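J.: I would like to see how this sequence folds:
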Amino acid sequence: SMAFTGKYEVESDENYDDFMKKIGIPNDIIEKGRNFKIVSEVVQNGNDFTWSQHYPGGHSTTNQFTIGKEADLETVGGKKFKATVKMEGGKVVADFPNYHHTAEISGGKLVEISTAGGVTYKRISKKIA
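T.: Model (predicted):
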């Protein structure tokens with residue numbers, strides 16, 4: 001299924017500040033991003049994904065991966081690392097160096113949950129394209 005393909009814009013989030021502090025994002029970056037509508041662009045072709053996120057000031061990150069195969073990825077803070085992204089019950093699941101991340105399409109929205117040291121950051125994005 002191509003369930004994830006689309007362009008999504010953040011409409012709500014929970015625990016943004018606490019989570020960003022927990023993973024070591026500098027305060028000025030946290031400030032800039034707080035009310036910014038991050039846009040995620042996903043292209044799914046079977047088990048192959050291209051997942052881009054567009055941040056304030058024109059900064060963006062793109063991760064390309066195949067479910068079940070090790071890939072070179074980049075964190076929200078710009079650190080490069082290797083991980084194997086899995087699919088569990090319709091959710092895309094990845095262990096980043098300092099947080100656990102899941103993403104799923106629920107009710108036509110992109111729901112992402114990141115967990116670090118007891119802090120859970122939830123982000124819901126609506127489909128815009």
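
J.: and residue 29, how many neighbours?
T.: 16 (other C-beta atoms under 10 Å). C-beta: built from backbone N, CA, C; applies to glycine.

J.: wait, residue 114
T.: With neighbours defined by other C-beta under 10 Å, the count for residue 114 comes to 23.

J.: is it true that it touches residue 95?
T.: No: look at residue 114 against residue 95 with C-beta atoms under 8 Å: they stay out of range, at 10.8 Å.

J.: who touches both of those two?
T.: Here residue 114 and residue 95 share the contacting residues residue 101, scored by C-beta atoms under 8 Å, 6 or more residues apart in numbering.

J.: give me the number of residues near residue 25?
T.: 18.

J.: for the chain, give me the ranges with low pLDDT.
T.: 1-2 (pLDDT under 70).

J.: give the bridge partners for the closest residue to residue 127 other than its chain neighbours, please.
T.: Nearest residue to residue 127, sequence neighbours excluded (C-beta to C-beta, 6 or more residues apart in numbering): residue 6, at 4.9 Å. On the basis of DSSP bridges, residue 6 is bridged to residue 42.
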